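> Curious how this folds, go ahead:
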Amino acid sequence: MLPASPHDKQPNPLSLFEFWPRWVFYTPVVAYWILLGLRYRDVTLPTAANPRITTGGLCGEKKSELLDMAGPYAQQWIAPYATFTTGSNDLADATRAMRSKNLAFPVVVKPDIGCNGTGVKLVHTQEELAQVCASFPRNISLVVQKLITWPHEAGLFYIRHPDEPTGRLTSLTYKDIPFLTGNGRDTVLDLLKQDVRTSKVLHIYTPRLQHCLNTIPAKGETLELVFAGNHCKGAVFRNGIPDITPELTAQIDRIMQDIPDFYFGRIDLKFRSVEDLSLGKNFEIIEINGVGAEAIHIWDAKTTLREAYVAQFHHYRESYRIGAKNKAAGWKPTNLWHGLRLWRAQKKLLASYPLND
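Below is the predicted model:
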């Protein structure tokens with residue numbers, strides 16, 4: 001019922017910590033962040049790691065803010081997008097934004113300030129676009145982006161120090177969209193309960209599938225359980241670090257060096273095949289995330305808790321090191337209290353967004 005993967009052979013389809021409460025898993029991470037802050041005498045130092053964007057991409061930044069800085073080479077690899085603001089004429093504004101980039105339905109609409117796939121919507125028609133616009137709060141920026149039809153999605157973590165000529169990839173994660181296959185007898189809810197993975201995390205899928213939980217899919221009919229490729233929204237993550245190649249690293253490095261002073265973050269992209277990705281071709285970037293991103297291979301069900309914390313600590317340590325170098329070069333980290341205000345504002349925004357697709 002789920003895509004074939006190494007997890008199918010595991011006795012437990014979930015890792016020990018995969019769906020722990022966030023505060024439980026991240027308490028050691030926050031403690032480590034504070035210890036690093038004490039060592040460097042600046043707990044906001046990582047916000048200088050990507051000094052040209054708000055908080056370095058830790059919180060409160062707009063997705064378009066970073067993408068807009070891309071130079072001509074990087075732009076070739078980024079899925080076309082435009083932004084508009086919700087309000088009394090948002091449908092007209094959204095349509096105008098689509099025309100400005102020659103976008104045609106279906107498109108993806110998502111909040112410009114957001115994370116973890118919150119509020120991401122797949123829109124097929126003008127009528128759906130009107131409904132989606134109306135479902136968001138007023139006077140916020142939304143991104144409308146070309147729907148990339150490559151069948152696969154991945155997240156790649158990129159790090160380059162300001163004094164280094166080239167960057168490196170420290171993580172590659174495949175994002176599988178889980179699906180159910182009908183048998184002509186059982187309802188969608190029954191099928192969810194029968195699957196070894198979805199049965200353990202029903203609360204993730206059932207709110208999004210309320211409209212069809214009691215329907216009976218025909219034999220062989222498939223139903224994707226989520227659109228947004230985010231782990232906390234139900235996508236299944238697989239560690240792809242062994243597939244990182246010099247060709248892929250060089251291609252990503254060339255793209256990221258065409259974004260001024262970007263040194264640390266994750267690139268989310270769609271691609272045609274693993275073979276093509278390893279050669280650094282046939283992919284399109286849908287988002288670039290800064291300091292607030294993480295190396296998401298830790299959410300592979302085979303990852304141990306120790307491995308997850310080693311990866312988390314390594315990446316945050318690198319963000320401090322890069323931030324320190326940029327600070328020494330004259331860039332200023334975000335003021336702590338200003339950063340907290342941005343974080344609180346973002347948290348409030350996230351709570352106001354509609355359920356993602």
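> Secondary structure class of the residue lying closest to residue 115 once chain neighbours are set aside, three-state.
With C-beta to C-beta, 6 or more residues apart in numbering as the criterion, residue 115 has its nearest non-adjacent residue at 6.6 Å, and that residue is residue 292. Quick note: C-beta positions are derived from backbone N, CA and C, even for glycine. Judged by DSSP: H, G, I helix; E, B strand; the rest coil, the three-state class of residue 292 is coil.
> ok, now which ones touch residue 292?
55, 57-59, 61, 115 (C-beta atoms under 8 Å, 6 or more residues apart in numbering).
> Then residue 274?
Taking C-beta under 8 Å, 6+ apart as the definition of contact, the neighbours of residue 274 are 152, 240, 243.
> and the chain, what are its domains?
Structurally, the chain divides into domains by automatic domain parsing as follows: 1-79+149-178+226-357, 80-147, 179-225.
> I'd like those domains as a markdown table, with mean pLDDT appended.
Shown next, in a markdown table, are these (pLDDT from 0 to 100):
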| stretch | mean pLDDT |
| --- | --- |
| domain 1-79+149-178+226-357 | 94 |
| domain 80-147 | 96 |
| domain 179-225 | 95 |
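> Does residue 193 touch residue 202 like I think?
Yes - using C-beta atoms under 8 Å as the test, residue 193 is close enough to residue 202 to be in contact (7.1 Å).
> tell me the strands in the chain, going along the chain?
Shown for the chain, the strands assigned by DSSP state E span residues 81-85, 107-111, 121-123, 141-146, 152-159, 168-176, 179-181, 222-224, 236-239, 264-271, 283-289.
> Nearest to residue 210, out of the ones you listed?
For the strands of the chain, proximity to residue 210 was assessed by C-beta to C-beta; strand 222-224 is nearest, at 13.5 Å.
> List the buried residues in the closest one.
Burial within strand 222-224, assessed by neighbour count using 16 or more other C-beta atoms under 10 Å, is assigned to residue 223.
> Run through the neighbouring helices and strands of that strand.
Helices and strands in packing contact with strand 222-224 are listed as strand 179-181; criterion 3 or more C-beta pairs under 8 Å, 6 or more residues apart in numbering; DSSP states H and E.
> now what about the strand it packs on, what contacts it?
1-3, 188, 191-192, 195, 198, 217, 220-225.
> between those residues, which is nearest residue 172?
Scanning the contacts of strand 179-181 for proximity to residue 172, where the rule is C-beta to C-beta, the winner is residue 3, at 17.4 Å.
> ok so, going back, can you redo the contacts of residue 274 as a markdown table with neighbour count?
Listed next are the contacts of residue 274 as a markdown table, based on neighbours: other C-beta atoms under 10 Å:
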| residue | neighbour count |
| --- | --- |
| 152 | 18 |
| 240 | 20 |
| 243 | 14 |
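> will you turn those residues into a markdown table that also has distance to residue 173?
Compiled in a markdown table, these are given as follows (distance: C-beta to C-beta, whole Å):
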| residue | distance to residue 173 |
| --- | --- |
| 152 | 12 |
| 240 | 6 |
| 243 | 10 |
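> Which of those lies at the shortest distance from residue 327?
Nearest member of the contacts of residue 274 to residue 327, counting by C-beta to C-beta, is residue 240, at 33.3 Å.
> I figured the closest one hits residue 153, correct?
No - under the criterion of C-beta under 8 Å, residue 240 is not in contact with residue 153, lying 11.2 Å apart.
> Can you check which residues contact both of these two?
Overlap between the contact sets of residue 240 and residue 153, as judged by C-beta under 8 Å, 6+ apart, is given by residue 174.
> Could you pull out the buried residues of the longest helix seen in the chain?
Longest helix of the chain, by residue count under DSSP state H: helix 305-328. Of the residues in helix 305-328, those with enough neighbours to count as buried (16+ other C-beta under 10 Å) are 308-309, 311-313, 315-316, 318-327.
> For residue 32, give me its contacts.
Taking C-beta under 8 Å, 6+ apart, we find residue 32 in contact with 312-313, 316.
> Fine by me, we can end here.
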